[in-house]
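Asks: okay, here's the prediction I keep looking at, along with the sequence it came from:
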Amino acid sequence: MKEIDGDFLKGPIFKNLVKFSIPVLLALILQALYGAVDLWAVGKFATRADVSAVATGSQAMQIIIGLVSGLSMGSTVLMALYVGGENREGILKIIINSFFLMGILALLLTLLTPISAGLIAKATKAPEEAFIQTVSYIRICGLGSIFIVAYNLISAIFRGFGDSRSPLYFVIIACFVNILGDIILIKFFNMGASGAAYATVFAQGVSVVMSLVLMWKNKNLFDFEKASLQIDSKIIKRILKLGSPLALQSMCNEMSYLIILGIVNSLGEIASAGVGIAEKLVMFILLIPISYTQSISAFVGQNYGAGNLARAKKSMWIGMATAAVLGGIISIFAFFYGKELSTLFIKIEDYDVIKASAEFLKATSIECFILSLAYCFTGYFNGIGETNFVMIQGLISIFLVKIPYAYYAGTRPEPSLFQIGMSTVWAAAFSFAFCAFYYFYKDIPAKSYKS
């Protein structure tokens, strides 16, 4: 089996894990810039209503991204298991059937999202003065769902092989295209939130084209034979079995943020815009734990597929130690310098919005540190195929902790954005405790996926 990037099955774990994680983190940072640049552009060159529309609309689109990334993770985990077992025929089948499965999903999302844009905007309680812009943003981004699906799947395939650099190259180009598009459409054509959506969709399309070209040229790895180009119901079922729980958990998690945003929107335009900006900043802070989740999932998957459970466990603990250091540094900075960070996305004259953003950010920065630990656990559980547990603990933390506390904090006589944000902190703490309990008390048998 030809390796693309390093060897997860031997050598120093720390070096190989960091080597894989850094491109994952950089790619996620640039991918997050899509939404951040949109918000920056409308904050600098458009109206406050456009800021609220992009904040609410992009958060709604995160539900779709959660669905897609969750199912794609099913392909990543299954591929990593087969790469560890050096089962090349099985790997090619996984790739072909992943494209078939995600192609159907892309078609459905492209058709349904634009139609339901108005209902989504209502469900998020988009402020009346920003309602039309919110609908437009969601509708345009929904039409580009095919690019969201394609990018996430192709990146998942490369990560399953152990290649985290190629997805980074894809997103670098797309990020520059998006920045240029935002400036042209929003500043010079005064298209507001709609311009931000068009720029995002076009940039994602460029990224997908580049990634497909690379796959087509890489004959050493993607040397599909006619015998492999078949739909295999067993493979599809395995991808769904691994990916569906993660997709459901991820969608519900994004929906919970949308519910929180709805609670905040009911407090007025200033609170809505402020929390929208804070959420964009949180997206960057959360990239530390998210990158380790993806990296540890692939690293653990390959070692577990090769029958080396001890090495898989060790990689999780090493990842958790480094994630805690990096996550802690970023979280402390966000906690104490929230106002300064918020000014990156809105005019400094809008002091009330900046103050609201910093208040919410104080709470969510604590959440990000805790998740730096908890997400390493979930990455380990993903890698060994325990995705049902990841879903269960996620749903419990969302529906029994996060949402109830957010509702309680938002309905108090004098609601505090900090207290609303603390709902995410308590949910993260619960997830960490639950995962730690399951890890120490669940006996995971070693397996091998060799052909």
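Replies: Looks like it came in fine.

Asks: how about the contacts made by residue 106?
Replies: By CB atoms under 8 Å, 6 or more residues apart in numbering, the residues touching residue 106 are 145, 146, 148, 149, 150. Every C-beta, even on glycine, is put in place using the N, C-alpha and C of the backbone.

Asks: give me that answer again for 6 Å
Replies: Going by CB atoms under 6 Å, 6 or more residues apart in numbering, residue 106 touches 146, 149.

Asks: ok, it to residue 407 distance?
Replies: Separation of residue 106 from residue 407 (CB to CB, to the nearest Å) stands at 34 Å.

Asks: then residue 74?
Replies: Taking CB to CB, one finds residue 74 at 32 Å from residue 407.

Asks: quick one: which of these two has more around it?
Replies: Counted by other CB atoms under 10 Å, residue 74 and residue 407 do not tie: residue 74 has more neighbours, with 26 against 14.

Asks: beyond the helix or strand that one falls within, next helix or strand please.
Replies: Using DSSP states H and E, residue 74 maps to helix 48-84. Using DSSP H and E, the helix or strand that directly follows helix 48-84 along the chain is helix 88-115.

Asks: flag every buried residue along that following helix.
Replies: 88, 90-99, 101-102, 105-106, 109-110, 113-114 (16 or more other CB atoms under 10 Å).

Asks: next: stretch 164-178.
Replies: With the criterion 16+ other CB under 10 Å, stretch 164-178 contains buried residues 164, 165, 166, 167, 168, 170, 171, 173, 174, 175, 177, 178.

Asks: which residues are in contact with that stretch?
Replies: Contacts for stretch 164-178 (CB under 6 Å, 6+ apart): 20, 23-24, 26-27, 30-31, 33-34, 37, 155, 158, 199-200, 203, 206-207, 210-211.

Asks: give the buried residues for stretch 331-342.
Replies: Those buried within stretch 331-342 under the rule 16+ other CB under 10 Å are 331, 334, 335, 338, 341, 342.

Asks: which residues touch stretch 319-328?
Replies: 17, 288, 292, 296, 369, 372, 373, 376.

Asks: same question, stretch 75-84
Replies: Outside stretch 75-84, the residues that touch it by CB under 6 Å, 6+ apart are 90-91, 94, 98, 156, 159-160, 238-239, 242, 298, 301-302, 305-306, 382, 449.

Asks: give me the mean pLDDT for it.
Replies: What stretch 75-84 shows for mean pLDDT is 83.

Asks: which residues sit against stretch 150-157?
Replies: 68-69, 72, 75-76, 95, 98, 102, 167, 204, 207-208, 211.

Asks: follow-up on the earlier one: chain center to the helix holding residue 74, what's the gap?
Replies: 5 Å (CA atoms, centre = their mean, to the nearest Å).

Asks: could you check the angle it makes with helix 88-115?
Replies: Helix 48-84 and helix 88-115 are oriented at 160 degrees to each other (axes from the mean of the first three to the mean of the last three CA atoms, to 10 degrees).

Asks: still on that earlier bit, quick one: which of the buried residues of stretch 164-178 is nearest to residue 436?
Replies: Proximity of the buried residues of stretch 164-178 to residue 436 (CB to CB) peaks at residue 164, which lies at 27.0 Å.

Asks: give me every residue that touches the closest residue to that closest one other than its chain neighbours.
Replies: Among residues not flanking residue 164 along the chain, residue 23 sits closest, at 4.0 Å (CB to CB, 6 or more residues apart in numbering). Going by CB under 6 Å, 6+ apart, residue 23 touches 164, 165, 168.

Asks: so residue 23, which of the three states?
Replies: The assignment at residue 23 comes out as helix when based on DSSP: H, G, I helix; E, B strand; the rest coil.

Asks: how near is it to residue 293?
Replies: 15 Å.

Asks: what does residue 362 give?
Replies: 24 Å.

Asks: between the two, point out the one with more neighbours.
Replies: residue 293 (27 against 17).

Asks: after the host helix or strand of that one comes which helix or strand?
Replies: Assessed by DSSP H and E, residue 293 sits inside helix 287-305. Proceeding N to C from helix 287-305, the next assigned helix or strand is helix 309-336, under DSSP H and E.

Asks: what about that following helix, distance to the chain center?
Replies: For helix 309-336, the distance to the chain centre is 18 Å (CA atoms, centre = their mean).

Asks: ok, the residue nearest to residue 191 when sequence neighbours are not counted - contacts?
Replies: Closest residue in space to residue 191, ignoring its immediate chain neighbours: residue 185 at 4.6 Å, by CB to CB, 6+ apart. With contact taken as CB under 6 Å, 6+ apart, residue 185 is in contact with 191, 195, 198, 199.
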